[in-house]
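1. What follows is a predicted structure for the sequence shown.
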There are 2 protein chains.
Amino acid sequence: MKTPQIRKTPRQSRAKETVEAILTAAAHILTREGFEALTTNRVAAVAGASVGSLYQYFPNKEALVRALCERHTQGVRDRIRARFAEAWERPVDEVARAVIQGMVEIRRHQPKLHQELLRLAPAVGGLKELHAVEHEVEALLARFIESRPEEIALPDAAQAAFIVCHAVQACVHGAVLEKPEWLKQDRFVEELVEMVVRYLGRSSSS
Amino acid sequence: MKTPQIRKTPRQSRAKETVEAILTAAAHILTREGFEALTTNRVAAVAGASVGSLYQYFPNKEALVRALCERHTQGVRDRIRARFAEAWERPVDEVARAVIQGMVEIRRHQPKLHQELLRLAPAVGGLKELHAVEHEVEALLARFIESRPEEIALPDAAQAAFIVCHAVQACVHGAVLEKPEWLKQDRFVEELVEMVVRYLGRSSSS
DNA sequence: TAAAAATGCGAGCTTTTACTCATGTTCGCT
DNA sequence: AGCGAACATGAGTAAAAGCTCGCATTTTTA
C-alpha cells in the first residue's frame, strides 16, 4: 500500500498555514535550486517551520513531493478543461488555438517547477495522477473529434487524440526549454495549430 | 570546469573488460531497479569488481552515469543518421516511415534504460550531448525539407523540423510507456507518417 | 480556568552511500 | 627472472539527509 498523502489533517487555521508554507517553500526551492537542494530540513527552514512540523503532516519526503505534484496537476487539468469548454462550439482551428494557447500558458507560468515535477513524478508515485490528467485530456479531445464527424474523419479517434496531445505537449515543452523566444510570438502557436488542423482535417485516407 | 568523463584510460585488455563490465552492470541495475538502486558499491558488485576499481576509471558517480548517457546517445544518433541516409532520395512518405520506424526501434530496444537516462541527463550534465543529438536530427530534417522545395513549402524549415522531431519523438515515447501494443501493429506508425506528411506537404498557407 | 487536544519545536539518532587508501596481485618488458 | 607500472581489492571514513521523540506552546473545550 502507498504511503498516504497526509498524516494528520490540519484542523486549526495556523496548521493550514503551516502546511501551506511548507508546500510553498518546497515549490520555491524546487524552482530556484532544483531537487538536489530539496532537503526536508531546508524546506522547513524556508517555510519558517521545523522539521517536526513537516513530518506531522507529511509522512515522508516522497509524500511531500507527491502533494506538490498533485496540486500542480490539478491546476493544469482545470485550465485545459476550461479552454475546451469555452471553445467547444467554435470552428476546429479556434478550438485548437484555444487549447494550445492554454498549454503554452501552463508551461510559461512556472516552467522550472513544471519541469522538475514532471521529472520527479515517476520516482514519487505521482504517475497515476499524471496519466489520469493526460487520459482526461485525450478523452476530451476524442469526444470533440467524434462530435465533428463532418469536418474530421479519422479511423481511430482515440489514437488521433493520443497523437495530437503528445505532439503538442512535447512541442510546447521543448520550446520552453530550447526556444523560449518562440513562445512570445504567435508564429509558433500558429504553426502548431496548422499541424493539428491539417492532421485532423484530412479528406481521404485509409 | 566539468569533472572529466574518465580518470585513467585503461591500457590493458582486462582493464577494458572491467570498464565494460561496470557500464553493463550500471545499465542492468538502471533498467531492472531504477536509479534509486544504483549505488556505486552495488554497481561494482554486480560487475564482479570492487568499488576501488570503479573509482579508478570514473572520478565519481555522476561521471559514470554520464558515460552511460553518452554511449546510449551515440547509438541513437547513428541509427537516425543511417535511416536518413538510406532513404534520402526516396519519396517523402518513405523517408518519414524509415525515420519514424528507426525511432520506434530505439525506444523498443531498451525502453526503461532509455527512459531513465533521459530522466537523469539533466541532473548529470548530460544535457549538452542530448541536445546536440536533437539538434543534429533537426538539422538533418531541415536540410531534407530544403532539398525538396517542390514538394514541401514551409515558411521556416528549422521550426518545422523542430516541431516534427518533438512531435514524433513524444508520440513514440508515449506509446512505449502507455500503449506498447500499438507498436506491434503498423497502424500507429502509419498514422504518424500520415501526420508528418500532411503537415509538411501542405499546398497553401501563410 | 483548568484540563485536554492540537500544534510546534529542533537536537540528535540512524542509516545510507559516495569515495579513499594502504596493500596485494597481475601484466609487460628487458 | 626480476622490476616497474598498471590494475584490483574492500574495509573503513566522513558527510549528508531522512526522520524521531520528548517537551514546550497555543488553542479548544467543558
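-> Received it, and whenever you're ready, just let me know what you need. Numbering: from 1, shown residues only, chains lettered A, B, ... in the order given.

2. Can you classify residue A:6 as helix, strand or coil?
-> coil (DSSP: H, G, I helix; E, B strand; the rest coil).

3. I'd say it and residue A:54 touch.
-> No. Residue A:6 is not in contact with residue A:54 according to Cβ atoms under 8 Å; the separation is 11.8 Å. C-beta coordinates here come from the backbone N, C-alpha and C atoms, glycine included.

4. Between these two, which is the more surrounded one?
-> Neighbour count, other Cβ atoms under 10 Å in any protein chain shown: between residue A:6 and residue A:54, residue A:54 has more, with 23 against 14.

5. And that one, which helix or strand is it part of?
-> Per DSSP states H and E: residue A:54 is located in helix A:51-57.

6. Check the offset of the next helix-or-strand element following that helix from the chain's centre.
-> Using DSSP H and E, the helix or strand that follows helix A:51-57 in sequence is helix A:61-87. Put simply, helix A:61-87 sits 6 Å off its chain's centre (Cα atoms, centre = their mean, to the nearest Å).

7. One more: stretch A:119-127?
-> With Cα atoms, centre = their mean, you get 13 Å for stretch A:119-127.

8. end to end, how far does it reach?
-> Using Cα to Cα, to the nearest Å, the end-to-end distance of stretch A:119-127 comes out at 10 Å.

9. Can that stretch be said to contact chain B?
-> Yes. Using Cβ under 8 Å from any Cβ of the partner chain, stretch A:119-127 reaches chain B at A:119, A:122-123.

10. The residue in chain A that chain B sits nearest to and residue A:68, how far apart?
-> In chain A, the residue found nearest to chain B is residue A:170; the distance is 3.1 Å by Cβ to the nearest Cβ. As for residue A:170, its distance to residue A:68 is 23 Å (criterion: Cβ to Cβ, to the nearest Å).

11. the more surrounded of these two?
-> residue A:68 (23 against 20).

12. What's the mean pLDDT across stretch A:77-89?
-> Mean per-residue pLDDT for stretch A:77-89: 97.

13. picking up where we left off before, quick one: which of the residues of stretch A:119-127 next to chain B is nearest to DNA strand C?
-> Set against DNA strand C, the nearest of the residues of stretch A:119-127 next to chain B by Cβ to the nearest atom of the strand is residue A:123 (12.9 Å).

14. For chain A, which segments count as helices?
-> A:13-33, A:40-47, A:51-57, A:61-87, A:92-109, A:111-120, A:127-146, A:157-178, A:187-200 (DSSP state H).

15. Any chance of JSON lines for those, columns distance to DNA strand D?
-> As requested, these are exported to JSON lines (distance: least, Cβ to the nearest atom of the strand, whole Å):
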{"stretch": "helix A:13-33", "distance to DNA strand D": "6"}
{"stretch": "helix A:40-47", "distance to DNA strand D": "4"}
{"stretch": "helix A:51-57", "distance to DNA strand D": "4"}
{"stretch": "helix A:61-87", "distance to DNA strand D": "4"}
{"stretch": "helix A:92-109", "distance to DNA strand D": "26"}
{"stretch": "helix A:111-120", "distance to DNA strand D": "12"}
{"stretch": "helix A:127-146", "distance to DNA strand D": "19"}
{"stretch": "helix A:157-178", "distance to DNA strand D": "25"}
{"stretch": "helix A:187-200", "distance to DNA strand D": "38"}
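
16. before we move on, back to that, same list (the residues of stretch A:119-127 next to chain B) but as TSV, adding pLDDT, distance to residue A:17 and neighbour count.
-> Listed next are these as TSV, based on pLDDT from 0 to 100; distance: Cβ to Cβ, whole Å; neighbours: other Cβ atoms under 10 Å in any protein chain shown:
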residue	pLDDT	distance to residue A:17	neighbour count
A:119	91	29	17
A:122	90	31	16
A:123	89	29	16
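
17. what's the neighbour count on the closest residue to DNA strand C within chain A?
-> For chain A and DNA strand C, the shortest gap (Cβ to the nearest atom of the strand) falls at residue A:52, measuring 1.9 Å. Counted with other Cβ under 10 Å, residues neighbouring residue A:52 total 8.

18. who in chain A is up against chain B?
-> Residues of chain A lying near chain B (Cβ under 8 Å from any Cβ): A:34-36, A:119, A:122-123, A:131, A:155-156, A:159-160, A:162-163, A:166-171, A:173-175, A:178-179, A:182, A:187-188, A:190-192, A:194-195, A:198-199, A:202, A:205-206.

19. Stretch A:24-36 close to DNA strand C?
-> No. Taking Cβ under 7 Å from any atom of the strand as the criterion, stretch A:24-36 and DNA strand C are apart, separated by no less than 11.9 Å.
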